[in-house]
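A.B. asks: coordinates for the following, if possible.
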Amino acid sequence: MAARILPVVKLATKVTIAGGALYVAFDSGLLGNSDEGSKALEKAKVSVPPAIEEWMKYFGLEAQLPTMPKIEFSPVQSWNAGVRWTISALSDAPTKAADYTNQSLQYLKDLTK
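C.D. replies: Numbers count the residues shown, from 1 in each chain. Now for the predicted structure:
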């Protein structure tokens, strides 16, 4: 019976963590428009290192944290790049389909010669 419950517990844990991450992203404004997302990202860059230091002091750890690496990642720009690629692929699809059809017909003609 425990073997049946374990996968359900794992799934519930994963869903809970994913839901929590989605809530935090939504609550911090990362899922809003580009202005809200960039403001939330800047806010996170400023507030994360002090929060980590506070937790380290809380748990009695006095280790020196390495400096945060400079990450130039914009979720909005990544999303826009994916949308642009998808629209480009969809707009090129009829032309490519025609080209592939012509190549296939030419190949079949060459085979029958």
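
A.B. asks: low-confidence stretches in the protein?
C.D. replies: Residues of the chain meeting the criterion pLDDT under 70: 1-4, 6, 25-53, 55-56, 59-69, 73, 76.

A.B. asks: those helices in it, which residues are they?
C.D. replies: For the chain, the helices defined by DSSP state H occupy 2-27, 34-58, 75-112.

A.B. asks: helices and strands around the first one, which ones?
C.D. replies: Read that as helix 2-27. Helices and strands touching helix 2-27, as assessed by 3 or more CB pairs under 8 Å, 6 or more residues apart in numbering; DSSP states H and E, are absent. For glycine as for every other residue, the C-beta is placed from the backbone atoms N, C-alpha and C.

A.B. asks: tell me the angle that helix makes with helix 75-112.
C.D. replies: Helix 2-27 and helix 75-112 meet at an angle of 120 degrees, taking axes from the mean of the first three to the mean of the last three CA atoms, to 10 degrees as the criterion.

A.B. asks: quick one: buried residues of helix 2-27?
C.D. replies: Across helix 2-27, burial judged by 16 or more other CB atoms under 10 Å covers no residue at all.

A.B. asks: going forward, begin numbering at 30 instead of 1
C.D. replies: Sure, I'll start counting at 30 from here, so that last one is helix 31-56.

A.B. asks: residue 122 versus residue 52, what's the distance?
C.D. replies: To residue 122, residue 52 is 37 Å away according to CB to CB, to the nearest Å.

A.B. asks: count of residues packed around residue 121?
C.D. replies: Counted by other CB atoms under 10 Å, the residues lying close to residue 121 total 11.

A.B. asks: tell me the contacts of it?
C.D. replies: Counting by CB atoms under 8 Å, 6 or more residues apart in numbering, residue 121 touches no other residue.

A.B. asks: try 10 Å
C.D. replies: residue 128 (CB atoms under 10 Å, 6 or more residues apart in numbering).
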